[in-house]
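> Whatever this is, show me its structure:
(2 chains)
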Amino acid sequence: MDLAHSPADRAFRADLRAWLAEHAPPPMPREVGPDLRARDLAWQRSLYEAGYAGINWPVEFGGRGLSLARQMIWFEETARAGISHVNSLFVGVSHAGPTIITCGTDAQKARWLPPILRGEAIWCQGFSEPEAGSDLASLQTRAVRDGDDLVLNGVKIWTSFAQVADHQEMLVRTDPDAPKRHGITWLVCDMDQPGIEIRPIRTLVRESHFCEVHYHDVRVPLENVVGEIDDGWRVARATLAYEHGVANLGQQIRLARTVERVAEAAAERDCDAATWARIADARADVASLRAMTALMISRIARQDLPGPEGSLVKLRYGEVSQLVHALGVDVLGSDGLEFVPDDDALVHGYLASLAATIGGGTSEIQRDIVAERLLGLPR
Amino acid sequence: MDLLPGPDDELAVTHARPILDAHFGVDAWAERLRTGAAVPDPVVADLAAAVRTARSAPQAVVVALELGRMLAPVDTLGALVVPEGRVALAVSRRGGGILRFGTDAPDAVLVWRADGVGRAPSEPGEPVDGIDPTTPTRRCRSDDAVPLGPAVTRRARAASAGYLAGLAHGALDLAVGHARTRIQFDRPIGANQAVKHRLADAATRAEAARATALYAATALAEGHADDEFWVAAAARVASDAADANARAAIQVHGGRGYTLDCPAHLFLGRARIVLALLGGVPGIRAGLTEAAPDPSDPDSISARARR
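The predicted structure follows:
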């Protein structure tokens, strides 16, 4: 057992920290548009040129081929430098890319993976539909074969950054007569196709990166199918494993900093003993998230794909995040009644934390996964 | 970074496992609860000897996890703190004296206080009906204890957190086993989301407790400046998990869970005793009054090792 402080780890961290001090990107624009796209792609390009992109991706696709523990150091140092990793690059780097590494053909890997790390392409995700949320396998967006193409019709929802994306990882229904998990296909849809209509959705934090995307006779070539036709559920399991597991390594680091901002606010306001007791508990809870993340990384290092244990971390993260931010606005009192459009503001975090038990699979679904797949309880 | 115990970390577990499998765990305890039999003294002595092979903090915490999971007597934790003989554990009582847990004729008594663990002489004391019916409990007059120092205290507290995390896992396993096999409304009760989700939450608490205890053990072994924070965090998370999971196990067993025949309450009683050793919830929180040094700051990490 060790906590990643070998001389090589320390050198990696020190070099990265020095580099970040010189090369931090400008803040993210709040409007999703050309400025945000240009900012994110330029940031990714500079990471790539410095050797800090795709830390744990294979070298042949432009990655560094290093351990997940090094990737963890990357998350720690970027968080320390105040750089949010939740941007338009997230889907490509953290789950569409890893899915293609796991399930794509050589030609698909060569075509799609290098541009992700080089900062030449933005990806978005089209899994959920208005009528297929927790019951994802009931999705109805149809893909009908026509020559060498599939023709898409339907609606996807909760697609972050669709406005600026080049490609979309999608689940579509190719066989409406098969049992629902068997007639699904995982494919890549280019977002510049005619017939795609994007409608942004406003959220509690006044952002509009979520979109509803409508497809009217959109053509996708068969070569864009990853895995086999009708075998998309298997591919999707890989995507969801990455999404639930590895993709969120950085979140708990941010949350540890938030607890200390709450403590500072409590000190300024002479808060009572009960508040300080909640702060002490929050420190322990956030520490447990760091430890769970470390344990998860240790397990993943011994297997090919993140297992259902990722759901344990996601479940606890959602709860702890909401506890910490509720504590934050309790401490602020009437100072917490004005919305502040800044990711670091406690009131912003309080509203944003409500998504932590919903997005990427609700906590109710995560509990089903834990109970059925880890504990072996009947479906 | 690697938090999964390797063969070296499992050393003491390897020695303890045959004894734990043969004499402890919920089935052995269910049998004892039925017959009123006590654990034979030589078995406890053998277990203590096996536990004492733990040297490093990870070895101590990893074996403590197994002790908790298998419902080993709480006083076997003493074998991780004092190098010889039978050891009982004790906390100060309000109004003077101590409440002592474990063997009736100890060679040494470890008194757990807010400022650290100390060693007190043994006295006969007066038996009381303790919160856990399988842990002999006595009131004693003297609370003169010689402090054993901060390093021993840190190790004792880290091992306690491990034991509590083990209790959380043991209670979870017992509850899951029952939920899979108990039939009501023509199906296992574990098919219902109300039961399933209660157990998923228990699994999350158990995982958090285990991970934090292993992290604290590793921080201790590597001599991190923030190791005391990690021990306190592990104690807070693991005591909460042990208590909540024991109550979940009792609830899932329904009416049987409320009886002395069902081993679920053994997890609860042991959890309350070990929590008291750690100073209760307020005592543990006292170790969390300052922010942890930034774990990503290599300069803060090995301060103790350099000192």
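
> Tell me how many other residues surround residue 22.
I went with chain A, as the question did not name one. Applying other CB atoms under 10 Å in any protein chain shown, we find 7 residues neighbouring A:E22. From N, CA and C alone the C-beta is placed, and that goes for glycine too.

> Hmm, no, I was thinking of chain B.
Count around B:A22 with other CB under 10 Å applied: 11.

> With A:L68 instead?
17.

> What residues does the residue nearest to it when sequence neighbours are not counted make contact with?
Residue nearest to A:L68 in three dimensions, not counting chain neighbours: A:I297, with 4.8 Å by CB to CB, 6 or more residues apart in numbering or on different chains. Shown in contact with A:I297 (CB atoms under 8 Å, 6 or more residues apart in numbering or on different chains): A:L68, A:A69, A:M72, A:L249, B:M1, B:L3.

> Can you show me the strands along the stretch 51-200 of chain A?
A:123-126, A:142-146, A:149-156, A:167-173, A:184-190, A:196-200 (DSSP state E, counting those that start in this stretch).

> rewinding a little: pull the most distant pair out of the contacts of A:I297.
The most widely separated members of the contacts of A:I297, counting by CB to CB, are A:L249 and B:L3 (14.0 Å).

> Could you pull out the buried residues of stretch B:190-202?
Within stretch B:190-202, the residues that count as buried by 16 or more other CB atoms under 10 Å in any protein chain shown are B:G190, B:A191, B:N192, B:V195, B:K196, B:H197, B:R198, B:L199, B:A200, B:D201, B:A202.

> where in the chain is pLDDT low?
All of this refers to chain A. For chain A, applying pLDDT under 70 flags the ranges A:4, A:244-248, A:304.

> actually it's chain B I care about, not the one you picked
Chain B contains residues with pLDDT under 70 at B:295-307.

> all helices for it, in order.
B:11-23, B:25-35, B:41-51, B:57-69, B:150-181, B:193-221, B:227-252, B:254-257, B:264-277, B:280-285, B:298-301, B:303-306 (DSSP state H).

> Dump these into TSV; add distance to chain A as well.
Output for those, formatted as TSV (distance: least, CB to the nearest CB, whole Å):
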stretch	distance to chain A
helix B:11-23	13
helix B:25-35	16
helix B:41-51	19
helix B:57-69	5
helix B:150-181	5
helix B:193-221	4
helix B:227-252	4
helix B:254-257	17
helix B:264-277	14
helix B:280-285	4
helix B:298-301	5
helix B:303-306	11
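
> For A:A8, find the nearest of those helices.
A:A8 sits nearest to helix B:298-301 of all the helices of chain B, at 12.0 Å, using CB to CB.

> so what's B:D173 up against?
By CB under 8 Å, 6+ apart, the contact set of B:D173 is B:V26, B:R69.

> rewinding a little: okay, the strands of the stretch 51-200 of chain A in JSON lines with mean neighbour count next?
Putting those into JSON lines (neighbours: other CB atoms under 10 Å in any protein chain shown) gives the following:
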{"stretch": "strand A:123-126", "mean neighbour count": "26"}
{"stretch": "strand A:142-146", "mean neighbour count": "16"}
{"stretch": "strand A:149-156", "mean neighbour count": "20"}
{"stretch": "strand A:167-173", "mean neighbour count": "25"}
{"stretch": "strand A:184-190", "mean neighbour count": "24"}
{"stretch": "strand A:196-200", "mean neighbour count": "15"}
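
> Show me which residues of stretch A:256-270 are buried.
A:A256, A:R257, A:T258, A:V259, A:E260, A:R261, A:V262, A:A263, A:A265, A:A266.

> among those residues, which are in helices?
A:A256, A:R257, A:T258, A:V259, A:E260, A:R261, A:V262, A:A263, A:A265, A:A266.

> Generate CSV for those residues, with distance to B:A49 as supplementary columns.
Converted to CSV, these look like this (distance: CB to CB, whole Å):
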residue, distance to B:A49
A:A256, 41
A:R257, 46
A:T258, 47
A:V259, 43
A:E260, 45
A:R261, 50
A:V262, 48
A:A263, 46
A:A265, 53
A:A266, 49
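
> what's the closest of these to A:L136?
A:T258 (30.5 Å).

> I figured the closest one was touching A:V329, is that so?
No - in this structure, A:T258 is not within contact of A:V329 by CB atoms under 8 Å, at 11.7 Å.

> Need the overlap of contacts for the two.
With CB under 8 Å, 6+ apart, A:T258 and A:V329 have common neighbours A:L346.

> A:A121 - nearest residue in space that isn't next to it in sequence?
A:P115 is the one closest to A:A121 (CB to CB, 6+ apart), at 4.1 Å.

> What separation do you get for that neighbour and A:E223?
Distance of A:P115 to A:E223, computed by CB to CB, to the nearest Å: 16 Å.

> And for B:G162?
54 Å.

> and A:R367, how many neighbours does it have?
21.

> List the residues that contact it.
A:R367 neighbours (CB under 8 Å, 6+ apart): A:L315, B:Q193, B:K196, B:H197, B:A200, B:D201.

> Could you single out the nearest of the residues you listed to B:V44?
Using CB to CB, the contacts of A:R367 come closest to B:V44 at B:D201, 34.2 Å.

> Leaving out chain neighbours, which residue sits closest to the closest one?
A:R367 (7.1 Å).

> what's the answer for A:A132, then?
Nearest-residue entry for A:A132: A:L139, 4.1 Å, with adjacent residues in sequence omitted and distances by CB to CB, 6+ apart.

> can I assume that neighbour is in contact with A:T174?
No - contact criterion CB under 8 Å: A:L139 and A:T174 do not qualify, at 11.0 Å.

> Please tell me how far the residue sitting furthest away from the middle of chain B sits from A:A162.
Distance from the C-alpha centroid of chain B peaks at B:D186, with 37.6 Å (CA atoms, centre = their mean). Taking CB to CB as the measure, B:D186 falls 47 Å from A:A162.

> give the contact list for the residue nearest to B:D21 when sequence neighbours are not counted.
Leaving out its chain neighbours, the residue that sits closest to B:D21 by CB to CB, 6+ apart is B:M70, at 7.8 Å. Shown in contact with B:M70 (CB under 8 Å, 6+ apart): B:L20, B:D21, B:F24, B:G25, B:G166, B:G170.
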